[in-house]
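**Q** sequence and predicted structure, then a few things I'm wondering about:
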Amino acid sequence: MIKLASGEQKTNEEFLRVTPQKQVPAIDDDGFHLFESSAIMKYLANKYKLPDHWYPSDAKRRAKVDEYLFWHASNLRAGAAQQFFSKVVLPKLTGKPPDAKRIEELEKILNRSLELLESYFLKETPFISGPDISIADLQAVCEISQFWMGGMDLCAGRPKLTGWMSNCREVLKPHFDDVHKMVYVARDRGLFKGKL
């Protein structure tokens, strides 16, 4: 287990043997090292033969999952994760205020991404790639839920996103709340309130 708050991902020798990126997530599965969340989820779904809905064997359904995962990296991730880093993390590290112009650019990317998530990926289905939850949904949930730490709900005012998040929570019970415990702690303590 790596302690992110103290920067262990950049200094822990054992972790650095797993990934040259010095970032999470990364896994060591019996000596097989892999980083990047999409690659890890695909690998785990295939290796452990998870139920087909996670990463479908049907070529068209799998292509829809992959479509989202590739799009995610350049769109929702660019707007969400980079905004969180620019608004919260970077000012803490540098002691300087956030770059307002950069934040504005990232907010545009984030809003365009949320609009496309609703109007395209969730247009006719309860989950991103079809009628069942998949690793694409897990990727999106993680990106969107990080804003809860700052008391922000990116789904608010977006009916399809709100319904989708509700669907994900329901299907993932009781694990959804378990994996979000630290997010809830940060939110409840107000650690990032007003920073997002």
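**A** That came through, no problem. Residues are numbered from 1 along each chain as shown.
**Q** looking at this, K49 is in a helix?
**A** No - looking at K49 with DSSP: H, G, I helix; E, B strand; the rest coil, it is coil, so not inside a helix.
**Q** that one: how many residues sit nearby?
**A** Per other CB atoms under 10 Å, the neighbour tally for K49 reads 8. In short, each C-beta sits where N, CA and C put it, glycine included.
**Q** which residues of the chain score low on pLDDT?
**A** For the chain, the stretches with pLDDT under 70 are 5, 194, 196.
**Q** what segments of it are helices?
**A** Using DSSP state H, the helices of the chain run over residues 8-11, 13-18, 37-47, 59-74, 76-84, 90-94, 100-116, 135-145, 159-171, 175-179, 181-188.
**Q** mind saving the C-alpha coords of the first one as PDB?
**A** Coordinates of the C-alpha atoms in helix 8-11 are reproduced here as PDB (Å, rounded to 0.1, in the frame of the first residue of the first chain):
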ATOM      1  CA  GLU A   8       5.600   7.600  -1.500                       C
ATOM      2  CA  GLN A   9       4.700   6.900  -5.100                       C
ATOM      3  CA  LYS A  10       7.700   8.900  -6.100                       C
ATOM      4  CA  THR A  11      10.200   7.600  -3.500                       C
END
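**Q** what residues sit buried inside it?
**A** Residues of helix 8-11 classed as buried: 8-9 (neighbour count, 16 or more other CB atoms under 10 Å).
**Q** what does the last one give?
**A** By 16+ other CB under 10 Å, the buried positions in helix 181-188 come out as 183, 186-187.
**Q** just the angle between it and helix 135-145, please?
**A** In terms of direction (axes from the mean of the first three to the mean of the last three CA atoms, to 10 degrees), helix 181-188 departs from helix 135-145 by 20 degrees.
**Q** who touches helix 181-188?
**A** 145-146, 148-151, 177, 192 (CB atoms under 8 Å, 6 or more residues apart in numbering).
**Q** cool, and the third one?
**A** Contacting residues not belonging to helix 37-47 are listed as 25-27, 29, 34, 50, 54-55, 69, 72-73, 135, 138-139, 142 [CB under 8 Å, 6+ apart].
**Q** let's see it at 10 Å
**A** 24-27, 29, 32, 34, 36, 50-57, 62, 65-66, 68-70, 72-73, 77, 134-136, 138-139, 142-143 (CB atoms under 10 Å, 6 or more residues apart in numbering).
**Q** same check, this time on the fourth one
**A** Taking CB under 10 Å, 6+ apart as the criterion, the residues outside helix 59-74 that touch it are 36-39, 41-42, 45, 52-56, 58, 75-78, 80-81, 109, 113, 116-117, 120-121, 125, 127-132, 134-137, 139-140, 143.
**Q** got a PyMOL select line for the buried ones in the contacts of helix 181-188?
**A** Buried residues among the contacts of helix 181-188 (16+ other CB under 10 Å), as a PyMOL selection:
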select buried, resi 145+146+148+149+150+192
